[in-house]
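S.K.: Below are the sequence and a predicted model; questions follow.
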Amino acid sequence: MNEMEILDGKKVASALDEKMTDRVANLKKQNITPGLAVILVGDNKASSIYVRNKKRRAEKLGINFQLIHFDASVTENELLEKIDQLNHDDSIDGFIVQLPLPDHIDEDKVIDAIDSKKDVDGFAPNNVGSLWIGEPHTLPATASGILMMLDFYNVDLDGKNVVIIGRSNIVGKPVAAMMLAKNATVTITHSHTKNLSEIAKRADVLVVAIGQAKFVNKDFVKDGAVVVDVGMDHDENGKLCGDVDFDNVKDTVSMISPVPGGVGPMTITALVDQVITLAEGRANG
Ligand SMILES: Nc1nc(=O)c2c([nH]1)NC[C@@H]1CN(c3ccc(C(=O)N[C@@H](CCC(=O)O)C(=O)O)cc3)C=[N+]21
């Protein structure tokens, strides 16, 4: 059995909080308070928990946090109007529209309406383009949080085989772009991929973001691999778990991020970090 290390997102998050608190204090000396707004539509239980966590962390750091909560019946136009208002609100450095949205609202249209300068999710088309070109303005928080966590544990990506399971715009694709920029050899796999476990088994770093509880077991994991679990699923008892069967792979991996306490807290760290960075941009004109 090899020594296994937990990628402890909670620990990394609180280690990084210190530096961010200092940055906010510096901004306040210049009479600038970083401002973050979150638009939440409906009362999806998971979304409400994530948003509550974001609020808690933002306020702890001294960020001005605004929650805008709409009923699930909100019209697309009402939502677009609110976005327009936030685009022009000088006290807000960045804002996000928590996904998923109800079916009657066109997600692409909503994301398109966000001023790309305030798009702290990095979901707007020109921010996605800038990321792939290698000149990012804002970065999707989950991907950015994963990179921050690996950096904290000195996981060097240069020349490594990275396999990503999942090709979403919010996780799989941005993780691929960011790891490519770190000189990794990146493979993106998905539901149509043939021989998935075989490909996954070649990974030095395996990133799993498919939204299926405990999908990945040790048949997918090379001895000594680093495994990043992006899942937010529920097991047969309704308990929060990831896309990776932790107990099954724990003696195979060299490092693994748990759920909860792994990528989730890092997602929030990356988001608030980015809001502070945008506020610093405002401070410097
Ligand atoms: N526009 C938008 N931007 C997002 O960044 C975004 C989104 N929509 N929709 C959903 C995903 C998911 N996401 C999480 C945030 C915090 C935790 C988190 O705090 N997780 C805790 C536990 C949470 C719990 O107790 O259920 C943990 O892993 O330890 C998880 C997931 C942000 N997302």
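M.R.: It's in. Here the structure is a predicted model, which is why all the values come from computation and not from measurement. Numbers count the residues shown, from 1 in each chain.
S.K.: and the helix or strand where residue 276 lies, anywhere near the ligand?
M.R.: In this assignment (DSSP states H and E), residue 276 forms part of helix 263-283. Yes: Helix 263-283 reaches the ligand (Cβ under 6 Å from any ligand atom) through 264-265, 267-268. The C-beta positions use only the backbone N, C-alpha and C, and glycine is treated the same way.
S.K.: Could you list the residues of this structure in contact with the ligand?
M.R.: Counting by Cβ under 6 Å from any ligand atom, the chain sits next to the ligand at 49-50, 53, 96-99, 121, 141-142, 232, 240, 259-261, 264-265, 267-268.
S.K.: Show me how to select, in ChimeraX, the buried members of those residues.
M.R.: Burial among the residues of the chain next to the ligand is assessed by 16 or more other Cβ atoms under 10 Å; the matching ChimeraX selection reads:
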select :50,96,97,98,121,141,142,232,240,259,261,264,265,267,268
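S.K.: how about the helices in this structure?
M.R.: Secondary structure of the chain, counting by DSSP state H: helices at 9-29, 45-60, 76-87, 107-113, 125-133, 141-152, 172-181, 196-200, 246-249, 263-283.
S.K.: In PDB, list the C-alpha atoms belonging to the second one.
M.R.: It stands for helix 45-60. The C-alpha coordinates for helix 45-60 follow below in PDB (Å, rounded to 0.1, in the frame of the first residue of the first chain):
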ATOM      1  CA  LYS A  45     -31.900  22.800  -2.900                       C
ATOM      2  CA  ALA A  46     -28.300  22.300  -4.000                       C
ATOM      3  CA  SER A  47     -28.100  25.800  -5.500                       C
ATOM      4  CA  SER A  48     -29.400  27.300  -2.300                       C
ATOM      5  CA  ILE A  49     -26.600  25.600  -0.300                       C
ATOM      6  CA  TYR A  50     -23.900  26.600  -2.800                       C
ATOM      7  CA  VAL A  51     -25.100  30.200  -2.800                       C
ATOM      8  CA  ARG A  52     -25.300  30.300   1.000                       C
ATOM      9  CA  ASN A  53     -21.700  29.000   1.100                       C
ATOM     10  CA  LYS A  54     -20.600  31.700  -1.300                       C
ATOM     11  CA  LYS A  55     -22.300  34.400   0.800                       C
ATOM     12  CA  ARG A  56     -20.600  33.200   4.000                       C
ATOM     13  CA  ARG A  57     -17.200  33.200   2.500                       C
ATOM     14  CA  ALA A  58     -17.600  36.500   0.700                       C
ATOM     15  CA  GLU A  59     -18.800  38.200   3.800                       C
ATOM     16  CA  LYS A  60     -16.100  36.700   5.900                       C
END
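S.K.: Name the residues of that helix that come out as buried.
M.R.: Quick answer for helix 45-60 (16+ other Cβ under 10 Å): 47, 50-51, 54-55, 57-58.
S.K.: just the fourth one next, same as before
M.R.: Applying a neighbour-count criterion of 16+ other Cβ under 10 Å, one finds 110-111, 113 buried in helix 107-113.
S.K.: go on, the third one?
M.R.: Judged by neighbour count (16+ other Cβ under 10 Å), helix 76-87 contains these buried residues: 79-80, 82-83, 86-87.
S.K.: Output those residues in JSON lines, with pLDDT appended to each entry.
M.R.: Converted to JSON lines, the buried residues of helix 76-87 look like this (pLDDT from 0 to 100):
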{"residue": "79", "pLDDT": "98"}
{"residue": "80", "pLDDT": "98"}
{"residue": "82", "pLDDT": "98"}
{"residue": "83", "pLDDT": "98"}
{"residue": "86", "pLDDT": "98"}
{"residue": "87", "pLDDT": "98"}
